[in-house]
Structure formats: C-alpha cells, structure tokens
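In: mind folding the following:
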Amino acid sequence: MSRTCLVTGAASGIGEATAALLRRRGHTVIGADLADADIRADLSTAEGRAELVARARELTGGRLDAVVSCAGVAHFDPLTVRVNHFGAAATLDGLRPLLVAGTDPRAVVVGSVDSVHPVDPAIVDAALAGDEEAAVAASRAAVDRGEGHLVYSSSKAAISRWVRRAAPTGAWAGEGVPLNVVAPGVVVTPLTRRLLDDPEMRGLVERSVPMPLHGHARPEQIAPLIAWLASPENALVTGQVVFADGGADAVLRGDRTW
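Out: Next up is the predicted model:
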C-alpha cells in the first residue's frame with residue numbers, strides 16, 4: 001500500500017537516501033529542506049517551523065502516514081541546537097495531528113551515536129525544558145570557553161531524551177504512533193566529507209567513533225532501517241534509540257545497556 005511520507009533534510013545525505021528509497025518502494029514522499037525540496041523551510045526559526053507544518057497540511061490534505069525528521073547540522077554554533085533539537089521537536093509536535101489522521105502512522109528522528117559522548121548539561125536541560133533561548137545561550141557559552149564540540153552531542157542527546165519521554169505518552173503511543181530515533185555512527189555525507197578528507201581530523205573522528213563492523217557508513221545503508229521503523233511492520237518498537245553505528249556504541253559504552 002502506498003503511503004504518504006514527509007522527510008526533512010531530504011536534499012542530501014541520509015534524508016535524500018531515505019526519500020529515494022521510499023519513492024522506489026512506491027510511496028509518495030514530500031521532501032523538506034532549505035532548497036531543492038517540495039517544502040522550503042528553515043527549521044532553525046519559528047517561522048520556518050510554522051511554514052513546514054502549514055505547507056505539509058496543504059500538500060497532504062491534513063493526513064500523513066510517516067514523518068522522518070532528518071534535518072541536522074554539526075557546527076560549533078548555537079544554530080546546531082536550534083535545528084537538531086528544537087527544529088526536530090517542532091517538526092514532530094507540529095506534524096503529529098497529521099500523523100494521527102493517517103494510516104498506521106509512524107515517526108522517526110535521525111540522532112547520532114554522538115549522543116553517548118560527553119554533553120553540556122546546561123544545553124540539554126534547557127532543551128528538554130523547551131527553553132530555546134537558554135539553550136542557545138548555553139551553546140554560545142560552550143563555544144566561548146572552547147567546548148563548541150559539546151553543542152552537537154548535547155543537541156543529539158537532548159532530542160533522543162525528548163523522544164524517550166514523548167514516545168510512551170498518550171499523545172504518541174496512546175494515538176498508536178510509534179516514535180523512535182535512529183543513531184548512526186560516521187556516515188559519509190557532504191557534512192562529514194571535509195573532516196574525513198583531512199588525515200588528522202579523520203584520525204580524530206575514528207578514535208571518537210570506532211566502527212569495527214564495515215567502517216564508515218553510506219547514507220543508503222541507514223535508509224532501510226529508517227524505512228522499516230516508519231512502516232506498518234513496526235507495530236511495537238517505540239521510544240528506542242536504535243544505533244546503526246558499526247558497533248561504536250558497544251565499543252564506547254561496553255556492556256552497559258542502561
């Protein structure tokens with residue numbers, strides 16, 4: 001059965017690969033991105049988030065079967081928490097009524113194995129409290145003290161925890177909508193290519209995210225897992241952070257499961 005799916009970050013990387021896979025399987029896909037997409041929206045802003053929801057409602061007649069929140073950035077800048085946490089949370093909250101109106105609705109967020117790395121508690125706490133300006137201020141403070149790398153891991157940890165909190169609630173599970181996170185390791189995309197092409201940075205990346213199974217991933221290797229979680233076949237998996245990281249989480253955290 002053909003489904004109507006919305007994918008943010010659909011112009012490149014994992015989002016592009018996921019959108020392409022869903023289309024090959026016969027589904028209608030609405031892509032959202034800054035450019036080259038059905039919906040052009042800047043998810044770092046309240047206006048862009050509202051535009052995404054309004055255009056999605058217009059293009060779908062108010063019904064969606066799946067949402068894949070893939071849009072993300074990795075800058076040493078407060079923009080990262082605006083997009084990765086607040087943009088993703090607003091996407092899911094804003095499109096949830098369209099999912100509830102759909103058939104076998106599903107939602108997936110693309111997180112990162114970086115969520116298990118050290119974070120800035122001030123960024124995470126502010127994000128989970130829904131205080132965007134405080135999260136931005138904490139991100140700016142981290143950059144100013146030379147810890148800008150914590151902004152990305154904090155943004156991904158925050159959205160993963162947001163999903164864990166939201167998934168079992170009446171708004172999601174109670175409405176029959178599984179909500180999950182896929183956490184890749186290093187994926188070769190335009191976002192990471194500039195790091196991997198630098199031998200010194202590549203070594204740092206590989207030490208930070210060791211991937212003993214097959215090494216760095218391609219977007220096309222992550223897309224099938226996202227597609228399954230977004231499909232009617234997924235009836236029971238919800239509130240999970242599913243690591244698609246070549247074993248990085250197991251290396252970094254050992255045998256700890258909670």
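
In: low-confidence ranges in the stretch 101-250 of the chain?
Out: Residues of the stretch 101-250 of the chain meeting the criterion pLDDT under 70: none.

In: ok, now with 90
Out: 189-206 (pLDDT under 90).

In: so where do the helices sit in it?
Out: 121-128, 132-144, 149-166, 190-196, 199-208, 219-229, 248-253 (DSSP state H, counting those that start in this stretch).

In: other SSEs contacting the second one?
Out: What it means is helix 132-144. Judged by 3 or more CB pairs under 8 Å, 6 or more residues apart in numbering; DSSP states H and E, the packing partners of helix 132-144 are helix 79-81, helix 121-128, helix 149-166. Quick note: C-beta positions are derived from backbone N, CA and C, even for glycine.

In: nearest to Ala10, out of the helices of the stretch 101-250 of the chain?
Out: Ala10 lies closest to helix 219-229 among the helices of the stretch 101-250 of the chain, at 11.5 Å (CB to CB).

In: so how many other residues sit close to Arg24?
Out: 9 (other CB atoms under 10 Å).

In: again, but for Pro190
Out: Pro190 is flanked by 10 other residues according to other CB under 10 Å.

In: ditto for the one 3 residues further on
Out: Arg193 has 10 neighbouring residues, counting by other CB under 10 Å.

In: out of the helices of the stretch 101-250 of the chain, which gets nearest to Gly31?
Out: Closest among those, using CB to CB: helix 219-229, at 13.6 Å.

In: for the closest one, output the C-alpha coordinates as CSV.
Out: Output of helix 219-229 as CSV, limited to C-alpha atoms (Å, rounded to 0.1, in the frame of the first residue of the first chain):
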residue,chain,number,x,y,z
PRO,A,219,23.5,7.0,3.6
GLU,A,220,22.0,4.1,1.7
GLN,A,221,22.9,1.8,4.5
ILE,A,222,21.0,3.8,7.1
ALA,A,223,17.9,4.3,5.0
PRO,A,224,16.4,0.8,5.2
LEU,A,225,16.3,0.8,9.0
ILE,A,226,14.6,4.2,9.0
ALA,A,227,12.1,2.9,6.3
TRP,A,228,11.3,-0.2,8.4
LEU,A,229,10.7,1.9,11.6
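
In: on that earlier part again, dump the helices of the stretch 101-250 of the chain into a markdown table; add distance to Gly31 as well.
Out: Below are those laid out as a markdown table (distance: least, CB to CB, whole Å):
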| stretch | distance to Gly31 |
| --- | --- |
| helix 121-128 | 26 |
| helix 132-144 | 25 |
| helix 149-166 | 20 |
| helix 190-196 | 16 |
| helix 199-208 | 28 |
| helix 219-229 | 14 |
| helix 248-253 | 29 |
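
In: of those, which is nearest Trp172?
Out: So among those, helix 149-166 is nearest, using CB to CB, at 5.5 Å.

In: hey, C-alpha coordinates of the closest one in CSV?
Out: Output of helix 149-166 as CSV, limited to C-alpha atoms (Å, rounded to 0.1, in the frame of the first residue of the first chain):
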residue,chain,number,x,y,z
HIS,A,149,32.1,20.3,20.2
LEU,A,150,29.7,19.8,23.0
VAL,A,151,26.9,21.6,21.2
TYR,A,152,26.4,18.8,18.7
SER,A,153,26.5,15.9,21.2
SER,A,154,24.2,17.9,23.5
SER,A,155,21.7,18.6,20.7
LYS,A,156,21.5,14.9,19.8
ALA,A,157,21.4,13.7,23.4
ALA,A,158,18.5,16.1,24.1
ILE,A,159,16.4,15.1,21.1
SER,A,160,17.0,11.4,22.0
ARG,A,161,15.8,12.0,25.5
TRP,A,162,12.8,14.0,24.2
VAL,A,163,11.8,11.1,22.1
ARG,A,164,12.2,8.7,25.1
ARG,A,165,9.9,10.9,27.1
ALA,A,166,7.3,11.5,24.5
